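**Student:** Generate a structure from the sequence data that follows.
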Amino acid sequence: MNDLFYQPNEAYVGDVIPFKDSEYAYLFFLYETRKVPKDGMPWHLVRTKDYVNFEDLGECLPSGGTEKDDFNCYTGSVVKDDRGTYHLFYTGNNPKTAEKKVYQNRL
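**Tutor:** The predicted structure is shown next:
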């Protein structure tokens with residue numbers, strides 16, 4: 001991690017999807033390894049109380065795999081419904097099919 005921005009070890013932070021709940025801000029982000037061949041784009045998650053110190057919670061939405069429509073899990077959003085269930089929406093993409101699809105996962 002550098003002195004100003006969060007950066008995971010051996011990877012890069014893509015789009016950040018923020019979500020605030022209780023005392024923490026949860027920062028979901030696209031986890032980019034830049035490996036060749038590509039290994040898919042999962043989401044990872046950190047949380048913070050002060051935007052200075054971060055707790056790495058690891059992978060929270062894995063790539064669907066090389067043959068699935070959500071090989072790359074691109075930007076989306078996280079919401080909490082009235083019953084307290086969290087929902088994660090994202091765009092799935094696989095360069096082999098060139099189609100983008102919207103998915104929903106319950107957290």
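**Student:** So, low pLDDT: which residues of this protein?
**Tutor:** The chain contains residues with pLDDT under 70 at 1-3, 98-107.
**Student:** The residue nearest the centre of it pairs with what?
**Tutor:** Relative to the mean C-alpha position of the chain, the nearest C-alpha, by Cα atoms, centre = their mean, is the one of Trp43, at 2.4 Å. In this structure, Trp43 bridges to Leu30, Leu61 when assessed by DSSP bridges.
**Student:** What residues does it make contact with?
**Tutor:** Taking Cβ atoms under 8 Å, 6 or more residues apart in numbering, we find Trp43 in contact with 17, 28-31, 59-61, 73, 88, 90. For the C-beta atoms, the positions are set from N, CA and C on the backbone; glycine is no exception.
**Student:** Narrow those residues to just the buried residues.
**Tutor:** Neighbour-count burial (16 or more other Cβ atoms under 10 Å) is assigned, among the contacts of Trp43, to 17, 28-31, 60-61, 73, 88, 90.
**Student:** and Val78, what is it in contact with?
**Tutor:** Val78 makes contacts with 17, 19, 26, 28, 86-89, 107, as judged by Cβ under 8 Å, 6+ apart.
**Student:** go again using 6 Å as the cut-off
**Tutor:** 19, 88 (Cβ atoms under 6 Å, 6 or more residues apart in numbering).
**Student:** about what we covered before: pipe the contacts of Trp43 into TSV and attach distance to Glu10 per row.
**Tutor:** Formatted as TSV, the contacts of Trp43 follow (distance: Cβ to Cβ, whole Å):
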residue	distance to Glu10
Ile17	21
Phe28	19
Phe29	15
Leu30	15
Tyr31	10
Glu59	13
Cys60	18
Leu61	19
Cys73	19
Leu88	24
Tyr90	23
